[in-house]
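Sequence plus predicted model, see below.
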Amino acid sequence: MVRFLTRRVLVGVVTLIAISIIVFGLFFAVPSSPAKVMCGKNCDAASIAQVETRLGLREPIVTQYTKFMKGIFVGRTYADGTAFERRCDAPCLGYSFRNDEAVTTILSRTVPVTISIVIGAAILWLLIGVSLGMVSALRRGTLFDKLAIGISLTGASMQVFFFGLILLFLLVYTTGLLPFPSYTPFTENPAKWAQGLILPWVTLGFLNSAIYARLSRAQMLETLSEDFVRTARAKGLPLRRVYTKHALRAAITPIVTIAGLDIGASLGGTFITETIFGLRGLGKETVEAVGFLNLPIVVATVLLAAVFIVVANLIVDVLYAVIDPRVRLS
Amino acid sequence: MRKTDSTPELPATTTDGMGGTVALEVNSPVDAPVGEKAKAFVGRSPGQLAWLRLKRDRTAKVSAITLLVLVVIALLSPVIEKLRGIAPTQPFTDKLNDYAMPLGYAGGMNGTHWLGLEPGNGRDILMQLVYGMRTSLLIAFAAAIVASAIGVLIGIVAGYARGWLDTAINWVIDLTLAFPFLIFALAIIPIVEDNFYGERDAIPASFRVILIIATFALFSWTYTARLVRGQVIALREREFVEAARAAGANTGHILFRQLLPNIWAPILVTLSLNVPAFITTEAALAFVNIGVIEPTPDLGRMIFNSIQYVASDPWYTLWPGLTIFILVLAFNLLGDSLRDALDPKSTR
Amino acid sequence: MTAPTSAPQSPATTDTGPYLKVNDLRVQFPTEDGIVKAVDGVSFSVERGQTLGIVGESGSGKSVTSLTIMGLHNTKRARISGEILVGGRNVVGMSEEQTRRLRGRDMSMIFQDPLSALHPYFKVGAQIAEAYKVHHPNASKSECRRRAVDMLGRVGIPQPARRADQYPHEFSGGMRQRAMIAMALVNDPDLLIADEPTTALDVTVQAQILDLLEDLQREFNSAIIMITHDLGVVAQVADDVLVMYGGRAVEFGSVEQVMRRPQHPYTWGLLASVPSLHGDADADLVPIKGNPPSLINLPSGCAFHPRCRYAGRNGDRSFTEVPELHQVQERGHLVACHLSEADRQKFYAEDIAPSAGVAQ
Amino acid sequence: MRIKGGALVVGALAVALTATGCNATTNEGGSGDSGEAKTQSGSISYEAADNTGPAKAVDGATKGGVITVMQVSDFEHLDPARNYVNVQQLTGNLIYRSLAGYVEDGSGKMLLVGDLATNPGTDVNKDCKVWEFKLRDGLKYEDGSAVSSKDVAWGIARSFAPELNEGPHYIQQWLYPGGGYNATYKGPYEGGAMPAGIDTPDDKTIKFTFAEPHCDMPYAAALPTSAPVPQAKDTKGQYDLKPFSSGPYKVKSYTRDNALELERNPNWDANTDPIRTAYPDGYKFTFGLEQQQIAERLVADAPADQASLTWGDTPPAVLPRTTAANVANRVAKGPTQYVWYLGVNNLRIKDKKIREALYYGLDRDAALKAIGGTSAGTPASTLMSPTTAGFEAFDVYNAPPTGDVNKVKEILGGTTPPPLVLAHSNTALRTAQAEAIRASLVKAGFQVTLKAIESTSYYDQVGRKNNPYDLYLHGWGSDWPTGSTIIPPLYDGREIADEGNNNLAYFNDDSINTEIDKIRAMPAAEQDAAWTALDKKLMTDFLPEIPAYYDATHELYGSKVGNAYLSDAFGALQLNKIFVKQ
């Protein structure tokens, strides 16, 4: 177990380093300099040079990269020797090119938004999607099943931007049933937090429910055809117990792992949902930062997204070993 | 995850828990430990069986016909242009009011403009739609095929090679999966374009299309690769591979002549389900301004543009929205049917 | 020993007759591809303390028959007709709840491939205890566990208390099969159906398992149905043998009759493909040519005719007329074949016997 | 002034305009016809009545409430030294006061008066070379300390710092003519020296001495670089986040990219301020919504949004629904000081005939419809905007709004024009517009290739002297409403540099350059007519580029917003006299 974890963490770290190098390299290759974006209207070659020096863009990419990595672990000092010198303590991810805000501050503001969206939606889609799928598998061929299939097919063929926008028009703009989505920290006011996020939850939750319903239904049907389910019946167990104990346990395992990976990937940013509902989460922050060539933010958000995925993978592996005694972590 | 590696084997005929495992060898002298009815379809190849099943599947038929019609329309878009005498980029700004909204009823629908006009540019929606569909379908199909090809190649190599090569490929897969696709696309597309074309060169529409296809493929081969790798690992110990190896067949022969024919079914299913996913993703690219560029008509961009008009000119939103919904739904249904037909153990 | 019957008899409702009586059982599955006639008019019976061997290739209907007895088919999907009397109660048409009460206690089943038949996520002891608990609702948890451990011990698993806390994948193949048997026997069933219980095991373990079953049968006086494709197993444990082909019974008799004096060409085929301990060691094994038939489109006439080298010896009866199960001269021995008995004996003696043998 | 690409958020629908100082007549509540603005020159007032606080009260206005301003993206800079965008300056005006400022009431009468100073600047020697400003009595910062003229000097000094280079630099350039504004003096941070030419004999007086005459000084003094910054409160790069308040409001909280909240500065005295009424108790600026979402919310006018407004143009998709009775009365629309040009690179297209052909080939109607039709602007025929002082509406070529294909053929006379590359910013609206322009030129017989450029670097790309493009759409608005911040930056060929150009036509003609110098030396009163005459000459003789349309703005506000009018000076809703309806 310990050996497994150590190895996986090491591989994860190597992956993250590779990703940071790729992102760094990518933006170094971009033809236009972020300094130009920043230096505004009074921009001449000299001002660009000034800004570039200030941002550290004049140094070779390898130096920039090592400084960046050093900043994460031990902190670094910017613009040393000038009036604008400042110390950035570890974990230092640099400052936004655009408005000089510390990237860690930006992350601490945007990450909770994305987490709130994803967690709420995930609870919805897991509860609704999985139970819908399970029940329709058990009632295969019934009207309920057909209805569930229809709904989940429609949902799975729908796009977030379409569904979300139509909900906005129906529930917010036209009828005013819901306020326009907004983010209030949970710690500040849980009721407002929930109220402001209902729409993204419903949107993401419904669409993913559709996918999870299809998935769970197929899983459950497959499990019901397993020999051990037949064995359980042959023992004389009541059907209810066969389904809830023997079949459910086996059917839900792969869904838990898929859900873990999905949630991990979503935490990296649900850009479209965030954009549609005007919520400034990790995804929106990242895409905007790319537009402004805001390298410190891009590198940080991409790395964070990758961390989420790597960690989710790790958790899923461990979880799998916990659920399924056949899997050994070695 | 478990169970993704379903091997396309001889189909059992029922799915109510009776099938058991099914063996491939059919000439055993005595009763093999297999399901009772497994050999009901003696003498038909899995492909023929799948075809039979598909032909019987009403949903599959309806969605296949729908798709066929849409694909034919898309392919015939130049003919439609000739027949109607309206080019997709031709502006009819004179038929727009002061707010650049189409004059007349229902988004400017009339005998000339059957589906009305786009607000703003005043282009014929029908022509934009058919040409746009052509672009989107081209991207989705091409990307799905390229992704599958890459995935199959890498998957087979990884599964067959074992050792460090397998480890390395696995790591690359993990890396790819952990890499945010959107950021990559955003960053890479302008860079590549700048490197390939001078500042005054018109970047041909096809180039952006190729870039999008390449980007899609670059991030979508992993699933196929994992699938194929798993299949190859499972199959490589099987008798027929052993036999081929013993008979002195070279690796390439074993890989592509012996293994590939046995794993094409899940690959086909993945491919068929990738197409609608790409259609949707292509539309999402328009959201971040890296989709297909004007003036090439494109369904994804059209949807992105039209969504904003859902309250002002719902007809404009309706047509591309309905088209993409039908396309994706039909593809999903067909993909499902295909999976059911090819892998009888899975159930709808 | 019970005389099998080709025609349905009046149902016995008393407890005195054979424990299991199957009359004209027909099981059909409507599928997308057509109606699968998995079992087509099969009748037999088994008494307490007796063992019936059912042999046949896959697709012959033997497993379907056993699952039907257990009531494990989805009644919505399978069309079942005929009569199955378990201790005098007709299982066909019985409600799910009623059959459920019979399952595991009055009749239980040992499945082939215990690795997939045991739940991978639950401990072996717990799975056995669960089987006990469901029919002994008043038993305490520790009682159930004790019983489970006890059963594991009785089927010959060393250190049963420790083993009970292990998962199926931690058991060896033979051990798993023993656990499976322990689970099937935990409620002292009157009828035990063993579906290929030894197929996946090596020969020594196979022998141990068969011995175990025999011991347990003596102890519990159960009726046993042994489903197998292995004639050696049948010869070792069965009292009677039922040979099935294409969903129908083609030959029935005592072990002695079927093994020594088989009269159906299909049985000959089965025997010819088994290595003989007595026959010529150099004689080739003769596999039955061709493939088992499709249960959707059974060959007309005798379902075996496409693979039978003697088909057509009686005009075209083999191709047009379904042969009924008829008693031969010897009492209790039934065969469904259009060949005359004399021909059958002659062909067997000339073509088959020299090269075929049975491990007996 | 350039409409800056950096303010255009990727995927955003709004164009954030960057500008200050101009003069326009609004057409509030009028028809979609926004181009028929009355021409009127902003005047500089030395009348005591105009220059004395408190500001004239608004009928029916009540104190209290909070106005919400919904914006697509956060301000880049609020630091007065770095503040060069119109909406930032409107916001900055609430927090800090410059030496001069504009009194507006939405009627179209705009006066430049003293803000911190008692008047908009005294021309001491009547030669426009020495300007003196006397600070009012009773000016206080948010901590209650008095505002000193030395703080104004510090504010100007720090605007020379290379790190704070984003603001307007008129005064700075005038103090250090010849070469870059901060080529010699680089601000007070290194060494502490103050710039030459600024004197603060006492805490109430500040005096500027220029080598050349600069009669525009009152206008330049209205720019935010003359706002006071006490040295002790100067947080350099961080000043952006919390400028020290000398105005009616101070920063309560500022979460970058999310929200800025302003609350009352209790030490501000209404009696010292002729410009601001400061009715609301506070302001809240929210960032991060798409313009579409903002517009939809304002159209819907839900209770929570009724005291809200936006500075972004209503996107085309929402425009048709703003005509409903309950929405139409909540629209502020009218022309701005901007003109959009189809820029022609004169280094590449040297033949005036071709530019003339392009003039006729351009379908201005289609170009406008692509971004929302008449509410986005009206076809233009002059280089200067109708809001410029002394504007005269002339039309040299008389092309119909939809273009004249036959005229193009006639001008070209059978010759084949060179293939053209049209560069455009890659936002959705600009892309649609570029495609409309391309289609119209192609119809007229040109061969046109579109070239999309990342919106954030658009003006960098086309601002390079040797850029490879022939045509590009660009906008320009004056910093104050005279031709002096339009014609020279756009058409003075001597100012063409390698990079960062505003003269995107790369037009350079000695006769014009001479003329520009001649006009600059004229007395202020004569300049307006001279700039207009030069505009006409440029159009007739040279046609350096093609005026496409006069920009108009169309902004929505909620039903509880009172006294919302477009600022003549900034081309966006003015906040100084706004109030929340109770």
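Perfect, I can see it now. Numbers count the residues shown, from 1 in each chain, chains lettered A, B, ... in the order given.

any idea what sits nearest the residue nearest the centre of chain A, other than its immediate chain neighbours?
Taking CA atoms, centre = their mean, the centroid of chain A lies closest to residue A:267, which sits 1.7 Å from it. Excluding the flanking residues, the one nearest residue A:267 by CB to CB, 6 or more residues apart in numbering or on different chains is residue A:308, at 4.2 Å. Quick note: C-beta positions are derived from backbone N, CA and C, even for glycine.

Isn't the one you found up against residue A:269?
No - contact criterion CB atoms under 8 Å: residue A:308 and residue A:269 do not qualify, at 9.1 Å.

What pLDDT is listed against residue 273?
By default, I'm working from chain A. Here the pLDDT value assigned to residue A:273 is 88.

Actually, chain C is the one I wanted.
pLDDT at residue C:273 comes out at 71.

ok, so what distance separates it from residue C:267?
11 Å (CB to CB, to the nearest Å).

okay, these two: which has more neighbours?
residue C:267 (27 against 17; other CB atoms under 10 Å in any protein chain shown).

pLDDT score for the more buried one?
So residue C:267 comes in at 85 (pLDDT).

Where does it sit, in terms of helix or strand?
helix C:265-272 (DSSP states H and E).

and the helix or strand that comes right after that helix, average pLDDT?
Next helix or strand after helix C:265-272 toward the C-terminus (DSSP H and E): helix C:317-320. Here helix C:317-320 scores 80 as its mean pLDDT.

residue of chain A with the smallest distance to chain C?
Distances between chain A and chain C by CB to the nearest CB are smallest at residue A:236, namely 3.3 Å.

Spell out the secondary structure type for residue B:293.
Here residue B:293 is recorded as coil under DSSP: H, G, I helix; E, B strand; the rest coil.

State the phi and psi torsions of it.
Per-residue torsions, residue B:293: phi -90, psi 150 (degrees, to the nearest 10).

Can you check the pLDDT for it?
78.

now residue B:11
For residue B:11, the predicted pLDDT is 26.

same check, this time on residue D:484
85.

which stretches of the chain have low pLDDT?
Going with chain A. For chain A, the stretches flagged by pLDDT under 70 are A:29-47, A:54-55, A:79-85, A:328-330.

nope, chain C please
Ranges of chain C meeting pLDDT under 70: C:1-16, C:75, C:200, C:274-287, C:353-360.

can you pull out the helices in it?
Remark: helices assigned in chain C by DSSP state H are C:62-70, C:96-102, C:114-117, C:124-135, C:141-154, C:160-163, C:173-185, C:203-220, C:231-237, C:255-260, C:265-272, C:317-320, C:341-347.

Include distance to residue D:59 when you put these into CSV, please.
Formatted as CSV, the helices of chain C follow (distance: least, CB to CB, whole Å):
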stretch, distance to residue D:59
helix C:62-70, 91
helix C:96-102, 83
helix C:114-117, 86
helix C:124-135, 84
helix C:141-154, 85
helix C:160-163, 94
helix C:173-185, 92
helix C:203-220, 103
helix C:231-237, 107
helix C:255-260, 114
helix C:265-272, 109
helix C:317-320, 109
helix C:341-347, 120
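
Redo these as a markdown table? Include distance to chain D.
As requested, these are arranged in a markdown table below (distance: least, CB to the nearest CB, whole Å):
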| stretch | distance to chain D |
| --- | --- |
| helix C:62-70 | 61 |
| helix C:96-102 | 56 |
| helix C:114-117 | 53 |
| helix C:124-135 | 54 |
| helix C:141-154 | 57 |
| helix C:160-163 | 61 |
| helix C:173-185 | 60 |
| helix C:203-220 | 69 |
| helix C:231-237 | 73 |
| helix C:255-260 | 81 |
| helix C:265-272 | 74 |
| helix C:317-320 | 76 |
| helix C:341-347 | 86 |
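
so who does the residue lying closest to the residue of chain A closest to chain C once chain neighbours are set aside touch?
Nearest residue to residue A:236, sequence neighbours excluded (CB to CB, 6+ apart): residue C:104, at 3.3 Å. Neighbouring residues of residue C:104 by CB atoms under 8 Å, 6 or more residues apart in numbering or on different chains: A:234-236, C:131, C:134-135, C:187, C:189.

Show me which residues of chain A are close to chain C?
Residues of chain A lying close to chain C (CB under 8 Å from any CB of the partner chain) are A:141, A:226-228, A:230-239, A:241, A:246, A:249-250, A:253, A:323-326.

on that earlier part again, residues contacting the residue nearest to the centre of chain A?
By CB under 8 Å, 6+ apart, the neighbours of residue A:267 are A:114-115, A:118, A:282, A:305, A:308, A:312.

With residue A:242 instead?
Counting by CB under 8 Å, 6+ apart, residue A:242 makes contact with A:229, A:232-233.

before we move on, the earlier item: what distance separates the helix holding residue C:267 from the centre of its chain?
Offset of helix C:265-272 from its chain centre (CA atoms, centre = their mean, to the nearest Å): 18 Å.

Which strands or helices does that helix pack on?
Judged by 3 or more CB pairs under 8 Å, 6 or more residues apart in numbering or on different chains; DSSP states H and E, helix C:265-272 is in contact with strand C:240-245, strand C:248-254, helix C:341-347.

contacting residues around the shortest one?
Residues from elsewhere that reach strand C:240-245, judged by CB under 8 Å, 6+ apart: C:1-2, C:4, C:42, C:44, C:46, C:50-57, C:60-62, C:65, C:234, C:249-255, C:257-259, C:264, C:266-267, C:270, C:303-304.

Please see if stretch D:172-190 touches chain A.
Yes - using CB under 8 Å from any CB, stretch D:172-190 reaches chain A at D:180, D:189-190.

can you count the residues close to residue C:291?
16.

from what I can see residue D:503 touches residue D:497, true?
No - in this structure, residue D:503 is not within contact of residue D:497 by CB under 8 Å, at 9.1 Å.

And the helices in the stretch 401-550 of chain D?
Applying DSSP state H, counting those that start in this stretch to the stretch 401-550 of chain D gives helices spanning D:405-412, D:428-443, D:458-462, D:487-491, D:510-520, D:524-537.

export the ones you listed to JSON lines and tack on mean pLDDT and mean neighbour count?
Putting the helices of the stretch 401-550 of chain D into JSON lines (pLDDT from 0 to 100; neighbours: other CB atoms under 10 Å in any protein chain shown) gives the following:
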{"stretch": "helix D:405-412", "mean pLDDT": "89", "mean neighbour count": "17"}
{"stretch": "helix D:428-443", "mean pLDDT": "88", "mean neighbour count": "23"}
{"stretch": "helix D:458-462", "mean pLDDT": "80", "mean neighbour count": "24"}
{"stretch": "helix D:487-491", "mean pLDDT": "88", "mean neighbour count": "22"}
{"stretch": "helix D:510-520", "mean pLDDT": "89", "mean neighbour count": "15"}
{"stretch": "helix D:524-537", "mean pLDDT": "87", "mean neighbour count": "18"}
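
Can you check which of these gets nearest to residue B:159?
Nearest to residue B:159, of all those, is helix D:428-443, at 45.1 Å by CB to CB.

what helices or strands is that closest one leaning on?
Identification of packing neighbours for helix D:428-443 by 3+ CB pairs under 8 Å, 6+ apart yields helix B:299-307, helix D:352-361, helix D:364-369, strand D:420-425, strand D:448-453, strand D:471-477.

What angle do helix D:405-412 and it make with each other?
70 degrees (axes from the mean of the first three to the mean of the last three CA atoms, to 10 degrees).

show me what contacts the closest residue to residue D:212 other than its chain neighbours?
Here the nearest residue to residue D:212 in space, its sequence neighbours aside, is residue D:177; by CB to CB, 6+ apart that works out to 6.2 Å. By CB under 8 Å, 6+ apart, the contact set of residue D:177 is D:210-212.

hmm, which of the residues you listed are the buried ones?
residue D:210 (16 or more other CB atoms under 10 Å in any protein chain shown).

Could you point out which residue ranges in the stretch 101-250 of chain D have low pLDDT?
For the stretch 101-250 of chain D, no range has pLDDT under 70.

Now with 80, please.
For the stretch 101-250 of chain D, applying pLDDT under 80 flags the ranges D:106-109, D:163, D:165-166, D:178-180, D:190-192.
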